[in-house]
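Visitor: what would the 3D arrangement of this be:
(one chain, ligands or ions: 1)
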Amino acid sequence: MKSSQSLFAALLLSFAPALAQPNSAQLPTASQVTVIHAGILIDPRADLPKQNQVIVIRGDKVESVGDAASTQVPEGAKIIDLSNATVLPGLIESHTHIFLQGEDPALGGYDIQLLKFPLAYRAARATVSARRALEQGFTTIRDMETEGAGYGDVGIKMAVNEGRIPGPRIFTTTRAISTTGGYPLEDYAPEVQVPKGVQIIDGPVEARKAAREQMDHGADWIKVYMTHRSWSDKNGKLVSQPPLTLQEIKAIADDTHNWGRKVACHAYNGEGLHRALDGGCDSIEHGLGLDDAAVAQMKRQATWYCPTISIYYKEWAPENTPAGRRDRARAAEHEQSFKKALQAGVKIVFGTDVGGFSWEEPIAQEFSYMVKFGMSPIDAVRSATLAPAAMLDMSGQLGVIAPGAYADVIAVPGDPLKDIMELGRVKFVMHNGQVFKSE
Ligand SMILES: [Zn+2]
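Guide: Sure thing, here's the model as predicted:
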């Protein structure tokens, strides 16, 4: 990744003069006051929505929220009328890949991005992905690794934060970590050197070094692949290979926690999942086959669960092929896992793995699976607001519309507590006090 990384840095530098003047229109001034009149306001801290609320926003923060009848509108405030809409806090997507575009296998699939696409092309498309998240009301994302694009997510985050491109608040993981044989690109002749979609480590010393390097270069979280290959055995049971040893994941978690940051573990089931939990992972990604012991341990250790259900319902291989059997076994186990975790009260966050599928598809489709599998609509809203805000150590600042919180506000025409797919019809998006979309 070294050479492509420096190329990316060089590209950013070469573009810098053209962008020397940030678009100041996108950066709210501290004194700017905006007032939103919300017909219905869903406060995820309460079970029932409130009617006729007024939200006063100063600069990029919420100043006050109150009944329309009793709230004084500050003089000179810009008024936004959402009296016919349902207003909610900006949503949080806890598992995205802005550097993936759901590549069609017929067009070269995953591999072609690393083998043929210049990094600048991938970065250009990542800016569009970031914009897509914001358009759909996701004002914060936790991006779960760049898949061979080095520290590109740190660059995109920088551009968003400076107001140069529209996009959500980004929590980065940069390169992610696995072991030799534990990640694509794979199946090339051994004589050919191919790039890898992650940073490869072998042994606790290299593991620790990779985590330190990534955090040094801007990783907010460290992402680790605790399972990789998976297949279904003779009895149709899902089996997953664990790439890292317990010593390796412990070394990573120890160092990451020393930096005050957190570890996200891609883990399907079995040995790799248990090593992730024994090793001190903060969030389990996918968790297709959570057994009772894993659920109990997640509850005990307050581990977050980001199930990413919908992606496992896409593009199943034909029935009665090994891949087809695996795809069906995965989805069946996943549903049971989710239900078990939900019943046990494991902390669940909304995430889709978008990028693994096209950014043109609606992110909100995940909500319908969560509700179909037993989550109440208000808890589904919480999984994309309050819960991830806590996971990201941003309680009170994200996922709520309350004094002191960032002014991330969205609106939908109908009632998402009656039809959760209403969250796929976001018509208004404010991010950091600036209106990004208003239809
Ligand atoms: Zn992912």
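Visitor: and P184, what helix or strand is that in?
Guide: In this assignment (DSSP states H and E), P184 forms part of neither any helix nor any strand.
Visitor: would you mind measuring from it to T245?
Guide: Relative to T245, P184 is positioned 21 Å away (CB to CB, to the nearest Å). All C-beta atoms are positioned from the backbone trio N, CA, C, and that covers glycine.
Visitor: between these two, which has more neighbouring residues?
Guide: Using other CB atoms under 10 Å as the criterion, P184 and T245 rank with P184 on top: 19 against 16.
Visitor: contacting residues for the more buried one?
Guide: With contact set as CB atoms under 8 Å, 6 or more residues apart in numbering, P184 has these partners: Y110, D111, K196, G197.
Visitor: rerun at 6 Å
Guide: Each residue near P184 by CB atoms under 6 Å, 6 or more residues apart in numbering is listed here: Y110, G197.
Visitor: pLDDT score for it?
Guide: Here the pLDDT value assigned to P184 is 97.
Visitor: what distance do you get for it to the ion?
Guide: Using CB to the ion, to the nearest Å, P184 is found at 13 Å from the ion.
Visitor: which residue packs closest to P195, ignoring adjacent ones?
Guide: With sequence-adjacent residues excluded and distances taken as CB to CB, 6 or more residues apart in numbering, P195 is closest to L114, at 4.7 Å.
Visitor: right, is the host helix or strand of the one you found up against the ion?
Guide: Per DSSP H and E: L114 is located in helix 109-115. No. If you take CB under 5 Å from the ion as the test, helix 109-115 misses the ion, and the best it gets is 11.6 Å.
Visitor: ok now that helix, how far from the chain's centre?
Guide: Distance of helix 109-115 from the chain centroid (CA atoms, centre = their mean, to the nearest Å) equals 22 Å.
Visitor: before we move on, what about stretch 150-157?
Guide: Computed by CA atoms, centre = their mean, the chain-centroid distance of stretch 150-157 equals 15 Å.
Visitor: for the stretch 251-400 of the chain, what lies in contact range of the ion?
Guide: So the stretch 251-400 of the chain meets the ion at D353 (CB under 5 Å from the ion).
Visitor: ranges for the strands of the stretch 251-400 of the chain?
Guide: 262-269, 283-289, 304-306, 347-348 (DSSP state E, counting those that start in this stretch).
Visitor: just to revisit the earlier point, what does the helix holding L114 contact?
Guide: E103, G148, P184, L185, P195.
Visitor: quick check: next helix or strand after it?
Guide: Criterion used, DSSP H and E; the element after helix 109-115 is helix 119-135.
Visitor: who does the longest helix along the chain touch, helix- and strand-wise?
Guide: Determined from DSSP state H, the single longest helix within the chain is helix 322-344. On a contact count with 3 or more CB pairs under 6 Å, 6 or more residues apart in numbering; DSSP states H and E, helix 322-344 meets strand 230-232, strand 283-289, helix 292-301.
Visitor: what strands line up against the helix or strand that the first one is followed by, and which way round?
Guide: This points to strand 230-232. Where DSSP H and E defines the elements, the next helix or strand beyond strand 230-232 is strand 238-240. For strand 238-240, the pairing partners within the sheet under DSSP bridges are strand 230-232 (antiparallel).
Visitor: ok, residues contacting the strand it pairs with?
Guide: By CB under 6 Å, 6+ apart, the residues outside strand 230-232 that reach it are L238, V239, S240, Y268, R325, R326, A329.
Visitor: quick one: average pLDDT of it?
Guide: 83.
Visitor: gap between that strand and the chain center?
Guide: Chain-centre distance of strand 230-232: 26 Å, with CA atoms, centre = their mean.
Visitor: same question, stretch 91-109
Guide: Using CA atoms, centre = their mean, the offset of stretch 91-109 from its chain centre is 12 Å.
Visitor: mind listing what's buried along that stretch?
Guide: For stretch 91-109, the neighbour count (16 or more other CB atoms under 10 Å) marks 91-103 as buried.
Visitor: now do stretch 265-274
Guide: C265, H266, A267, Y268, N269, G270, G272, L273, H274.
Visitor: before we move on, back to that, kindly reformat the strands of the stretch 251-400 of the chain as TSV containing mean pLDDT.
Guide: Output for the strands of the stretch 251-400 of the chain, formatted as TSV (pLDDT from 0 to 100):
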stretch	mean pLDDT
strand 262-269	97
strand 283-289	97
strand 304-306	98
strand 347-348	98
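Visitor: quick one: closest of those strands to M226.
Guide: Closest to M226 of the strands of the stretch 251-400 of the chain, according to CB to CB: strand 262-269, at 4.1 Å.
Visitor: closest point of the stretch 1-150 of the chain to the ion, which residue?
Guide: M144 (4.6 Å; CB to the ion).
Visitor: now do the same contact list for that residue.
Guide: M144 touches H95, T173, K223, counting by CB under 6 Å, 6+ apart.
Visitor: now do the same contact list for the closest residue to the ion within the stretch 301-439 of the chain.
Guide: Residue of the stretch 301-439 of the chain nearest the ion, by CB to the ion: D353 (4.4 Å). Counting by CB under 6 Å, 6+ apart, D353 makes contact with H95, T308, I311.
Visitor: show me the contacts for the first one.
Guide: Going by CB under 6 Å, 6+ apart, H95 touches M144, C306, T308, G351, D353.
Visitor: the second one: neighbouring residues, count only.
Guide: In this case it means C306. 27.
Visitor: and for the closest residue in space to it that isn't next to it in sequence, the neighbour number?
Guide: In space, and not counting its chain neighbours, C306 is closest to G351: 4.1 Å by CB to CB, 6+ apart. G351: 30 surrounding residues under other CB under 10 Å.
Visitor: next one: phi and psi at G351?
Guide: Backbone torsions of G351, given as degrees, to the nearest 10, read phi -160, psi 150.
Visitor: give me the distance between the nearest residue to W316 once chain neighbours are set aside and L115.
Guide: Residue nearest to W316 in three dimensions, not counting chain neighbours: D327, with 4.1 Å by CB to CB, 6+ apart. For D327, the distance to L115 (CB to CB) stands at 25 Å.
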